[in-house]
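A.B. asks: Quick one: sequence plus predicted model below, questions after.
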Amino acid sequence: MVSDDNEERAEHKTDKTTEKAAAGMRLVEDLVAQVPGFEDAYESHVFNENGVLPHLFFWDVVQDTVRSYLVKGDPDGPDWRRVLAFLEEETRHRAPGAIEVIVTSFFCDLPYKGEPGYGIEAHLGPAMKERYLQLRPWHGQRARTLRGSRRRRRLSWPLSCRFAGSQRRWRSSHSP
């Protein structure tokens, strides 16, 4: 009986994995079909990898999108506004495999503060912004101030870091 239960779980897991992989592939194929400029990258991936791996392909998507945002991209390349609009629509549909690719392979590779292209995240639509803020919660926070000090200091780190810092300050002021 246990082996039947394990087989059923393995079969269910395989179905979900296949479903997610298919959704990731659909995302890539739809992006290439709807946003001009990714055809060459798609063909290159098909040739080099005997198919397209969505997470790998999205590395190129991020690079081309950020280059377009910085106006350093190929004039025949993708327009960053169209890419963000397409991904916003896909994020609203909430297909599990597609969301996984968008979050882990698009949002994670977007530039951080101080890197070229930082600022593109300000143009994310509402559905994408919600997901992005789950991944990088400090991005949406305004500068906070410490209360109880003579001078107000700007904080730019997450709340958990602020708590750890207050514990360090308390320990150092109360140590013998």
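C.D. replies: Nice, I can see it. Residues are numbered from 1 along each chain as shown.

A.B. asks: give me every residue that touches residue 78.
C.D. replies: For residue 78, the contact set (Cβ atoms under 8 Å, 6 or more residues apart in numbering) comprises 35-38, 61, 64-65, 68. From N, CA and C alone the C-beta is placed, and that goes for glycine too.

A.B. asks: Same question for it, what's its three-state structure.
C.D. replies: In terms of secondary structure, residue 78 is coil; the call rests on DSSP: H, G, I helix; E, B strand; the rest coil.

A.B. asks: returning to what we had before: quick check: of the contacts of residue 78, which lies closest to residue 118?
C.D. replies: Proximity to residue 118 was ranked across those by Cβ to Cβ; first place goes to residue 65, at 13.1 Å.

A.B. asks: ok now stretch 88-108, how far from the chain's centre?
C.D. replies: For stretch 88-108, the distance between its averaged C-alpha position and the chain's averaged C-alpha position is 8 Å (Cα atoms, centre = their mean, to the nearest Å).

A.B. asks: Going forward, count from 41.
C.D. replies: Got it, first residue is 41 now, which makes that one stretch 128-148.

A.B. asks: Would you enumerate the residues in contact with the spatially closest residue to residue 108 that is not a sequence neighbour?
C.D. replies: The shortest distance from residue 108 to any non-neighbouring residue, by Cβ to Cβ, 6 or more residues apart in numbering, is to residue 120 (4.1 Å). The neighbourhood of residue 120, defined by Cβ under 8 Å, 6+ apart, consists of 105-106, 108-109, 160, 163.

A.B. asks: Noted, bye for now.
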